[in-house]
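Chemist: Give me the fold of what follows.
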Amino acid sequence: MSILAWIVLGLVAGFIASKLVSRSGGSLVVDLVLGIVGAVVGGFLFNQFGAGGVSGLNLYSLLVSVIGAVVVLAIYHAFTGRKAL
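Modeler: Now for the predicted structure:
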């Protein structure tokens, strides 16, 4: 998958995850950057548990990326003291 596809997938996953984690969303730029990181983390986590990771621009990859972004955003909110959920 190209770097541009990772960025697009991460941006979409970051937006969705920010709405899931904080309901109102947070800083858009921070949430989108953490979404890109979350796409990578989601792929890594799914590979560690024996499932397929991010395989392209499809719904399964979006689900994996959103789960990874939720994990990253929850950790970020825990460290910064922001209210999550």
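Chemist: To which secondary structure element is the residue nearest the centre of the chain assigned?
Modeler: Centroid-nearest residue in the chain, with Cα atoms, centre = their mean: A69, separated by 2.0 Å. Per DSSP states H and E: A69 is located in helix 59-80.
Chemist: in that helix, what counts as buried?
Modeler: Buried positions in helix 59-80, judged by neighbour count with 16 or more other Cβ atoms under 10 Å: 61-62, 64-74, 76-77. Quick note: C-beta positions are derived from backbone N, CA and C, even for glycine.
Chemist: Please apply the same query to stretch 5-24.
Modeler: Result for stretch 5-24 [16+ other Cβ under 10 Å]: buried residues 6, 9-18, 20-22.
Chemist: re earlier: quick check: chain neighbours aside, which residue is closest to the residue nearest to the centre of the chain?
Modeler: The spatial neighbour of A69 that comes closest, neighbours along the chain excluded (Cβ to Cβ, 6 or more residues apart in numbering), is G38 at 2.8 Å.
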